[in-house]
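**Student:** Predicted coordinates and the sequence they were generated for:
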Amino acid sequence: MPQNVRIGTRASALALTQTGHVADAIARLGDVEIETVRVRTDGDRLAGSLSTLGGTGVFVTALRDALLDGRCDVAVHSLKDLPTADPDGLALAAVPPREDPRDALCARDGLTLATLPAGATIGTGSPRRAAQLRAARPDLEVVDIRGNVDTRLGRVAGARTTPAPDPDKPSPRGDLDAVVLARAGLARLGRLDAVTEVFDADVMLPAPGQGALAVETRDTGIGVDAHSPLADALRALDHRPTRLAVLAERALLARLEAGCAAPVGALAELDDATGTLTLHAVVARTDGSAVLRRSASAQRTGSSAPDRASEEAAARSLGENLAELLLEAGAADLAELGARR
Ligand SMILES: NCc1[nH]cc(CCC(=O)O)c1CC(=O)O
């Protein structure tokens with residue numbers, strides 16, 4: 001008899017695709033029968049700018065409640081939407097292999113950040129993206145936008161949109177020269193055709209956890225020693241290099257006491273050959289007038305027999321230590337100046 005597994009998801013196109021990928025992977029890896037349960041979160045319900053909504057887990061709380069209430073057994077989130085505090089009663093059971101974590105420009109007429117004309121309008125609701133865009137091109141006008149991926153793409157002049165816009169939820173169309181979105185979301189939705197430039201890390205660092213998924217479960221019966229078709233499948237789905245990278249990125253964010261709406265970017269990469277985990281981070285003033293960048297590396301493991309807990313602790317320390325370096329260099333003042341604008 002296959003194990004029955006209910007998998008909870010938000011109902012946005014992106015969330016449904018992400019959950020579908022995870023459901024397929026779990027079904028491939030274990031003898032399970034999967035049922036999908038849709039959950040509406042505050043992030044889906046509430047209007048308003050992400051910079052005021054963000055940081056408190058608006059997209060995840062309702063899904064976590066569904067897990068804790070037993071309405072579902074597994075929840076799939078975009079890892080970058082998770083608050084940095086570990087929730088009681090839940091476990092981060094798997095972090096699947098990450099997509100390309102970088103941000104992408106989707107501009108009209110094939111334009112790039114270098115070729116957008118002076119005064120061009122770029123839409124983003126993210127203070128992190130706004131700050132890095134303004135630092136690179138102070139002459140551009142950054143416009144605060146929200147909405148799902150198709151709504152945001154539809155704001156670009158001449159953009160092709162699928163499906164047709166929802167007549168019940170009118171939003172301005174074709175009024176911007178460009179928008180910036182996570183490349184990973186566009187890839188999962190099959191919309192890479194809209195991308196005109198992918199930003200290298202020296203131009204724009206992504207949000208901590210961007211491009212990665214988080215697979216959460218209740219923390220009972222899932223640990224490394226647990227044996228059920230679901231527990232086995234989730235262990236096999238977990239990708240150590242991605243988990244270590246996002247642990248470092250999120251430890252940095254937590255130490256900076258910055259939420260996901262803060263102008264903080266971070267990206268860690270594990271070099272498999274040398275076992276070196278390198279973390280790059282940026283803290284910027286929202287108006288782009290100051291940008292602090294720092295990087296640091298750590299060995300994945302000091303001993304020849306890698307032990308999970310100690311290499312996770314080392315990844316977290318890397319993030320915390322780099323946060324300390326940024327704070328010593330004045331990161332708190334920068335971010336605060338940004339918030340007061
Ligand atoms: N906060 C919205 C959100 N959460 C995750 C993604 C994209 C997918 C990902 O980063 O894994 C997006 C959209 C975006 O930033 O463009």
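**Tutor:** The structure has been received and is ready for your questions.
**Student:** Pull the distance from stretch 284-294 to the chain's centre.
**Tutor:** 20 Å (CA atoms, centre = their mean, to the nearest Å).
**Student:** Next: stretch 283-303.
**Tutor:** Centroid separation between stretch 283-303 and its chain, computed with CA atoms, centre = their mean, is 17 Å.
**Student:** Extract the C-alpha set from that stretch and format it as CSV.
**Tutor:** Once non-C-alpha atoms are left out, stretch 283-303 reads as follows in CSV (Å, rounded to 0.1, in the frame of the first residue of the first chain):
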residue,chain,number,x,y,z
VAL,A,283,23.7,45.7,2.1
ALA,A,284,22.6,48.8,0.3
ARG,A,285,20.9,52.1,1.1
THR,A,286,17.5,52.0,-0.6
ASP,A,287,18.2,55.1,-2.7
GLY,A,288,21.3,53.4,-4.1
SER,A,289,23.6,56.1,-2.9
ALA,A,290,25.7,53.6,-0.9
VAL,A,291,26.4,49.9,-1.4
LEU,A,292,28.5,47.7,1.0
ARG,A,293,29.8,44.4,-0.5
ARG,A,294,31.7,41.8,1.4
SER,A,295,32.6,38.1,0.8
ALA,A,296,34.0,35.3,2.9
SER,A,297,34.7,31.6,2.6
ALA,A,298,34.8,28.6,4.8
GLN,A,299,35.8,24.9,4.4
ARG,A,300,32.8,22.7,4.2
THR,A,301,34.2,20.3,6.7
GLY,A,302,37.4,20.1,8.7
SER,A,303,37.4,16.4,9.2
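**Student:** Any buried residues in stretch 86-93, and which?
**Tutor:** For stretch 86-93, burial by neighbour count (16 or more other CB atoms under 10 Å) applies to 87, 90-93. Glycine gets a C-beta too; all of them are placed from N, C-alpha and C.
**Student:** Any chance of these in TSV with secondary structure as columns?
**Tutor:** Formatted as TSV, the entries for those read as follows, by DSSP: H, G, I helix; E, B strand; the rest coil:
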residue	secondary structure
P87	coil
L90	strand
A91	strand
L92	strand
A93	strand
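**Student:** So which residues on the chain come close to the ligand?
**Tutor:** The interface of the chain toward the ligand, taken as CB under 6 Å from any ligand atom, is made up of 78, 80-81, 181-182, 184-185, 210-211.
**Student:** Just the ones in strands from those, please.
**Tutor:** For the residues of the chain next to the ligand, membership in strands holds for 78, 181-182, with DSSP state E as the criterion.
**Student:** mind checking the end-to-end distance for stretch 174-191?
**Tutor:** End-to-end distance for stretch 174-191: 17 Å, by CA to CA, to the nearest Å.
**Student:** so D73 makes contact with L63?
**Tutor:** No - with contact defined as CB atoms under 8 Å, D73 does not count as touching L63 (12.0 Å).
**Student:** quick one: the strands in the stretch 1-150 of the chain?
**Tutor:** In the stretch 1-150 of the chain, strands defined by DSSP state E, counting those that start in this stretch lie at 3-9, 32-38, 74-78, 90-94, 103-107, 121-123, 141-143, listed in chain order.
**Student:** can you list those strands in a markdown table and add mean pLDDT?
**Tutor:** Formatted as a markdown table, those follow (pLDDT from 0 to 100):
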| stretch | mean pLDDT |
| --- | --- |
| strand 3-9 | 95 |
| strand 32-38 | 95 |
| strand 74-78 | 95 |
| strand 90-94 | 96 |
| strand 103-107 | 98 |
| strand 121-123 | 98 |
| strand 141-143 | 97 |
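**Student:** of these, which approaches E269 most closely?
**Tutor:** Each of those has some distance to E269 by CB to CB; the shortest is strand 103-107, at 15.9 Å.
**Student:** Alpha carbons of the closest one, as CSV, please.
**Tutor:** Taking Å, rounded to 0.1, in the frame of the first residue of the first chain, the C-alpha atoms of strand 103-107 are listed here in CSV:
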residue,chain,number,x,y,z
ASP,A,103,17.7,38.1,-10.9
ALA,A,104,16.6,38.8,-14.5
LEU,A,105,15.7,41.9,-16.3
CYS,A,106,12.6,41.7,-18.6
ALA,A,107,12.7,44.8,-20.7
